[in-house]
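# Take this sequence and fold it.
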Amino acid sequence: MIMNENVSLKLQQENVSDDSYVFQEILKINGQYVAKGDCVAVFEGSKVAFEVESTVDGYIHFTKTPGDEIKVGEEY
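Just a heads-up that it's a prediction; the model follows:
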């Protein structure tokens, strides 16, 4: 495990009918260390809100803010 790795996450498609989601809530602080599997954010699609987990260990840095619409595959 590399402890100084910065975490950059891309939004995955949660529902086949949605190609973008609204960023609802940040669950970790920018610069905070996260482990793989930690919930880091909440997004809302056309049918449901869902939490997103970190896919790697490292320090999280969000590039978007709650309220932003994020397209599938886009970094947040």
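# and the helix or strand of the chain with the lowest mean pLDDT, how far from the chain's centre?
Within the chain, no helix or strand scores below strand 6-7, which has a mean of 80 by mean pLDDT, DSSP states H and E. Strand 6-7 has its C-alpha centroid displaced from the chain centroid by 12 Å (Cα atoms, centre = their mean, to the nearest Å).
# now swap in stretch 22-33 and tell me
Worked out by Cα atoms, centre = their mean, stretch 22-33 lies 7 Å from the chain centre.
# what bits of the protein have low per-residue confidence?
1-4 (pLDDT under 70).
# Please state the offset of stretch 12-25 from the chain centre?
Counting by Cα atoms, centre = their mean, stretch 12-25 comes out at 11 Å from the chain centroid.
# Straight-line length of that stretch, end to end?
Length of stretch 12-25, first residue to last, Cα to Cα, to the nearest Å: 16 Å.
# Buried residues in it, which are they?
Glu14, Asp18, Ser20, Tyr21, Phe23 (16 or more other Cβ atoms under 10 Å). To be clear about C-beta, it is placed using only N, CA and C from the backbone, and glycine gets the same treatment.
# Could you dump those into a markdown table with secondary structure and distance to Cys39 added?
Converted to a markdown table, those look like this (DSSP: H, G, I helix; E, B strand; the rest coil; distance: Cβ to Cβ, whole Å):
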| residue | secondary structure | distance to Cys39 |
| --- | --- | --- |
| Glu14 | coil | 14 |
| Asp18 | coil | 19 |
| Ser20 | strand | 20 |
| Tyr21 | strand | 15 |
| Phe23 | strand | 14 |
